[in-house]
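Asks: make a model of this:
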Amino acid sequence: MSSGQEVTYTIDLRPAKSSDRQPAMVGDPIPRIARLMALAMRFEGLVREQTVRDYAELARSGHVTRARMTQIMKLVDLAPDLQEQLLFLPPIKGLNERNLRCIVRRVDWDQQRRMFRKLSDVSNIAGESRPSS
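Replies: Numbering: from 1, shown residues only. Here you go, the predicted model:
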């Protein structure tokens, strides 16, 4: 399933000054769920490498609650192929972290895959599918 592409994100957790803001990126925006998935993967690596002590430290650094950090970090409990799909899917309206919570609670990856297919099919049928190019 791997396309051989590598995605690298730079994360600056400091509050931005108005003079530091970068101009908007050209091209298709990266879906929010893809950014959250990449963050979860990166944060998991930072904790494993002991660069940061725990998720609570990440939450404090990012100015989010520990509960929100937990919600984001649950994305790493998805089947690896679903994680990869989230990173490379084009935007699908209705596909977000909140709608994935029921899926990440499942331990069985086959069950996760079935639920994910159903969720993405429902989004496509409801006319909330990918924007036209």
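Asks: if we ignore the residues flanking it in sequence, what's nearest M115?
Replies: Of all residues not flanking M115 in the chain, I103 sits nearest, at 4.7 Å (Cβ to Cβ, 6 or more residues apart in numbering). To be clear about C-beta, it is placed using only N, CA and C from the backbone, and glycine gets the same treatment.
Asks: okay, now the unreliable bits of the protein?
Replies: Within the chain, the set of residues satisfying pLDDT under 70 comprises 1-4, 7-27, 122-133.
Asks: ok, which stretches of it are helices?
Replies: 32-48, 55-62, 66-73, 80-88, 97-104, 109-125 (DSSP state H).
Asks: so which of the ones you listed gets nearest E6?
Replies: The closest approach between E6 and any of the helices of the chain, judged by Cβ to Cβ, belongs to helix 80-88 at 10.6 Å.
Asks: re earlier: in CSV, list the helices of the chain along with mean neighbour count and distance to E6.
Replies: Putting those into CSV (neighbours: other Cβ atoms under 10 Å; distance: least, Cβ to Cβ, whole Å) gives the following:
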stretch, mean neighbour count, distance to E6
helix 32-48, 17, 11
helix 55-62, 16, 23
helix 66-73, 16, 22
helix 80-88, 16, 11
helix 97-104, 16, 23
helix 109-125, 14, 23
